[in-house]
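Visitor: give me coordinates for this.
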Amino acid sequence: MGRHSKFNSSLTEKITSLYETGATDEQVAKAIGVSVRTIYNWKGTNTEFMQAIKESKDAADGLVEASLFSRATGYSHPETKVFVFEGMPIKVKVIKHYPPDVSAGIFWLCNRQPDRWRRNTSMPELSAATSSPPVVNQKSFEEFCTAAHYFTPFEKQNEMRQFGLDETETRLLLGARGYGKTDFVTIMGTAYDIYKANLLGKEMDLFTNLIITKSKSRCSALVEEIKNALEKNGVALDKANATTIRVKGLVGQDHSVEAITIKTSMRGRHPKRILMDDPVTDEDVSESMRATVKRRYDEAYKLCSNICIIGQPAHFDDLYANLRGIIKTMEVPHGQIPELDADLHAMKIAGIDPDSIEMSYHLRVPKAGSAIFSNLLYVDQFPAGESVCMIDPSDGGDYTAISVMKGYFNGIAVQGHAWKKAWYHCLDDMLPIFQALNVKKICFETNATGNQPLIQLRQLLEPMGIGVVGKFSTTDKHAAIQSAGSYSHLIHLSRSSDKVYSDQVTKYEYKAKHDDAPDSLARGMEWLGLIRGK
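Guide: Here you go, the predicted model:
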């Protein structure tokens, strides 16, 4: 017998609160240190206690009933979504809407209005021997893969599948090359989900999948593999072609599976789940491709928050890098599935790029060498004293960038700003900076404008004690920026620089869409004789 075998009214509040959370008699007894028989005795001998328990259980049932009603009629709740804009994560508060659930509605009506919604009323009464529900012979994932002539998945591959497909929030799955992410998540995982839903008679419009990947040929290959897996496991298909699969019984315009390329518009599609399979690969990590992938992710998120992005790092500023650590992430680096591990030592001997090995297998993006200005240093404030400024002008089609510079220890301190407008429209922005940073001389690049701007600037600035000179650059722009980058460990960038300037410098790469800020910095260093130039 427990230590509270005699009823104590002071326990009533604790006991009823436990019942309100849905606790059973056994759980309540354990929580207060008595036997279950004692609970039963108290119920039989204390009317007030019994009534309090009944009201507590009714309250718990009411919460479940309210939740079931919400599922049956549809409901909404506030949610925070993460978008990526210009490489920066942005959190936006939205209202997420859930449509009515047919199964919940039927369950509610069958119990609340049994005369009108009694199920199987025309069925003859079954004997005790035949009254059990039919057993559904559902295959395990391993059996499903075997029937589809696939290898049996390793435990970690099954974990990746569960993370990729059983979760519903936006998530990132990073795995070493060769670990079967596409095979057992995108292909077999998607097929298995459809197989189970079809076998159990679920509403198939709740299992529509959109796969986004790099090329048409990859789309076709993925769809073909999923189709074969479904057919070999007895799933009847209504339609199957190079890009879509429809299971028999599916209603609505969205398909059971549809595959599109990263450059295809998502207009008119409303899938229940989106898989971005290897959206960024080392075959194309250009700035324009990375920007396209980020736009597609943002577009996908507006349609469906159940998104799984699958792949391995390919660039220090790709979608994976932008989302890593911000959204739910699973990482499976080299060494997690020893049976599938590649011989990295042999790769290194064969001369494979070490950075590529780091990203593709260890899921690490090397810091050194990731960008030309990767070794850049920072200062909180631009140091006091006289300074000079290099202006890289625009006629309005690109950015006008300025780099204010002065000697700092054994290198230079730089504060930069950039505006997407013509240089002559930036003068009102520049003058306060010149005064605040004590600029005494300005160099204006004349390649695109000729010498006329020099006359205008001298008229404006010389009365302020600021000299103006021109510079016609003849060296290749990228070569000059590379040369400046080789001295990045001597450059101290002020944190007072604006974001546009800082991003253009720190993320610069060959054929970058915008290179005005690093060009301004490099030409300024040429002018000062810090790097070779003309």
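
Visitor: show me where the stretch 101-250 of the chain has helices.
Guide: Shown for the stretch 101-250 of the chain, the helices assigned by DSSP state H, counting those that start in this stretch span residues 102-112, 114-117, 141-147, 155-166, 181, 188-199, 216-232.

Visitor: the longest one: which residues count as buried?
Guide: Within helix 216-232, the residues that count as buried by 16 or more other CB atoms under 10 Å are 218-219, 221-230. C-betas here are computed from N, CA, C, even on glycine.

Visitor: tabulate the residues you listed (a markdown table), appending distance to A384.
Guide: Below are the buried residues of helix 216-232 laid out as a markdown table (distance: CB to CB, whole Å):
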| residue | distance to A384 |
| --- | --- |
| R218 | 57 |
| C219 | 59 |
| A221 | 62 |
| L222 | 60 |
| V223 | 64 |
| E224 | 67 |
| E225 | 65 |
| I226 | 65 |
| K227 | 70 |
| N228 | 71 |
| A229 | 69 |
| L230 | 71 |
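
Visitor: can you pick out the most distant pair from those?
Guide: Using CB to CB, the pair of the buried residues of helix 216-232 lying farthest apart is R218 and L230, separated by 19.0 Å.

Visitor: now the strands for the stretch 401-534 of the chain?
Guide: For the stretch 401-534 of the chain, strands defined by DSSP state E, counting those that start in this stretch occupy the ranges 411-419, 439-445, 467-471, 491-494.

Visitor: Serialize those to TSV and add fields for mean neighbour count, distance to G74 and mean pLDDT.
Guide: Compiled in TSV, the strands of the stretch 401-534 of the chain are given as follows (neighbours: other CB atoms under 10 Å; distance: least, CB to CB, whole Å; pLDDT from 0 to 100):
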stretch	mean neighbour count	distance to G74	mean pLDDT
strand 411-419	23	48	96
strand 439-445	20	61	97
strand 467-471	17	66	96
strand 491-494	22	52	96
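
Visitor: among these, which is nearest F316?
Guide: F316 lies closest to strand 491-494 among these, at 17.3 Å (CB to CB).

Visitor: which one of the buried residues of helix 216-232 is nearest N375?
Guide: So of the buried residues of helix 216-232, ranked by how close each gets to N375 (CB to CB), first place is R218, at 37.0 Å.

Visitor: who are the contact partners of that closest one?
Guide: 259, 277-278 (CB atoms under 8 Å, 6 or more residues apart in numbering).

Visitor: follow-up on the earlier one: turn the helices of the stretch 101-250 of the chain into a markdown table, including mean pLDDT and distance to N8.
Guide: Formatted as a markdown table, those follow (pLDDT from 0 to 100; distance: least, CB to CB, whole Å):
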| stretch | mean pLDDT | distance to N8 |
| --- | --- | --- |
| helix 102-112 | 64 | 38 |
| helix 114-117 | 62 | 42 |
| helix 141-147 | 94 | 52 |
| helix 155-166 | 94 | 45 |
| helix 181 | 95 | 59 |
| helix 188-199 | 94 | 51 |
| helix 216-232 | 95 | 62 |
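
Visitor: out of those helices, which is the most enclosed?
Guide: Highest mean neighbour count among these (mean count of other CB atoms under 10 Å): helix 181, with a mean of 25.

Visitor: mind listing residues that contact it?
Guide: Residues from elsewhere that reach helix 181, judged by CB under 8 Å, 6+ apart: 160, 164, 173, 175, 310-311.

Visitor: make TSV out of the strands of the stretch 401-534 of the chain and add distance to R269.
Guide: Putting the strands of the stretch 401-534 of the chain into TSV (distance: least, CB to CB, whole Å) gives the following:
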stretch	distance to R269
strand 411-419	37
strand 439-445	47
strand 467-471	52
strand 491-494	43
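
Visitor: to S360, which of those lies closest?
Guide: strand 491-494 (31.1 Å).

Visitor: just how off-centre is the closest one within its chain?
Guide: Here strand 491-494 shows a centroid-to-chain-centroid distance of 31 Å under the convention CA atoms, centre = their mean, to the nearest Å.

Visitor: what pairs with it, and is each one parallel or antiparallel?
Guide: According to DSSP bridges, strand 491-494 forms sheet pairs with strand 377-379 (parallel), strand 411-419 (parallel).

Visitor: which among these is found nearest to V247?
Guide: Of all the strands paired with strand 491-494, strand 411-419 comes closest under CB to CB, at 52.9 Å.

Visitor: now that closest one: how far from the chain's centre is it?
Guide: The answer for strand 411-419 is 32 Å, by CA atoms, centre = their mean.

Visitor: would you put the C-alpha positions of that strand in CSV?
Guide: Output of strand 411-419 as CSV, limited to C-alpha atoms (Å, rounded to 0.1, in the frame of the first residue of the first chain):
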residue,chain,number,x,y,z
GLY,A,411,48.6,47.9,-44.4
ILE,A,412,45.6,50.1,-45.2
ALA,A,413,42.3,50.9,-43.6
VAL,A,414,39.3,51.1,-46.0
GLN,A,415,35.8,52.4,-45.7
GLY,A,416,33.6,51.8,-48.8
HIS,A,417,30.2,52.8,-50.0
ALA,A,418,28.3,52.0,-53.2
TRP,A,419,25.1,53.4,-54.8
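
Visitor: which of the buried residues of helix 216-232 lies closest to D515?
Guide: Distances from D515 to the buried residues of helix 216-232, taken by CB to CB, are shortest for R218, at 31.9 Å.

Visitor: how near is that closest one to T45?
Guide: 72 Å (CB to CB, to the nearest Å).

Visitor: and if you look at F207?
Guide: Remark: distance between F207 and T45 (CB to CB) = 53 Å.

Visitor: next: V185.
Guide: Counting by CB to CB, the gap from V185 to T45 is 58 Å.

Visitor: can you show me the strands along the stretch 201-350 of the chain?
Guide: With DSSP E, counting those that start in this stretch as the criterion, the stretch 201-350 of the chain has strands at 209-213, 237-240, 244-247, 257-261, 273-277, 307-311, 328-332.

Visitor: so which of the ones you listed is nearest V469?
Guide: Minimum separation from V469 across the strands of the stretch 201-350 of the chain (CB to CB) falls at strand 307-311, 49.7 Å.

Visitor: and that closest one, how far from the chain's centre?
Guide: Relative to the chain's own centre, strand 307-311 is displaced by 7 Å; criterion: CA atoms, centre = their mean.

Visitor: helices or strands up against that strand?
Guide: Judged by 3 or more CB pairs under 8 Å, 6 or more residues apart in numbering; DSSP states H and E, the packing partners of strand 307-311 are helix 155-166, strand 171-175, strand 273-277, helix 287-303, helix 319-323.

Visitor: could I get those as TSV with distance to H255?
Guide: Formatted as TSV, the helices and strands packed on strand 307-311 follow (distance: least, CB to CB, whole Å):
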stretch	distance to H255
helix 155-166	17
strand 171-175	23
strand 273-277	12
helix 287-303	14
helix 319-323	25
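
Visitor: among those, which is nearest D395?
Guide: Of those, nearest to D395 by CB to CB is helix 287-303, at 22.5 Å.

Visitor: any idea of the mean pLDDT for the closest one?
Guide: What helix 287-303 shows for mean pLDDT is 89.

Visitor: run through who's touching that helix.
Guide: In this structure, residues lying in contact with helix 287-303 by CB under 8 Å, 6+ apart are 81-85, 87, 170, 210, 212, 262-263, 266, 269-271, 274, 276, 279-280, 307, 309, 315, 317-319, 322-323, 509, 511-513.

Visitor: next, find the distance separating the closest residue to I245 other than its chain neighbours from E224.
Guide: Distances taken as CB to CB, 6 or more residues apart in numbering place V257 nearest to I245, at 4.2 Å, with adjacent residues excluded. Noted for V257: a distance of 11 Å to E224, by CB to CB.

Visitor: would you mark the buried spots in stretch 311-325?
Guide: Neighbour counts over stretch 311-325 (16+ other CB under 10 Å) mark 311-324 as buried.

Visitor: which one of those residues is nearest D193?
Guide: Nearest to D193 among the buried residues of stretch 311-325, counting by CB to CB, is G311 at 20.3 Å.
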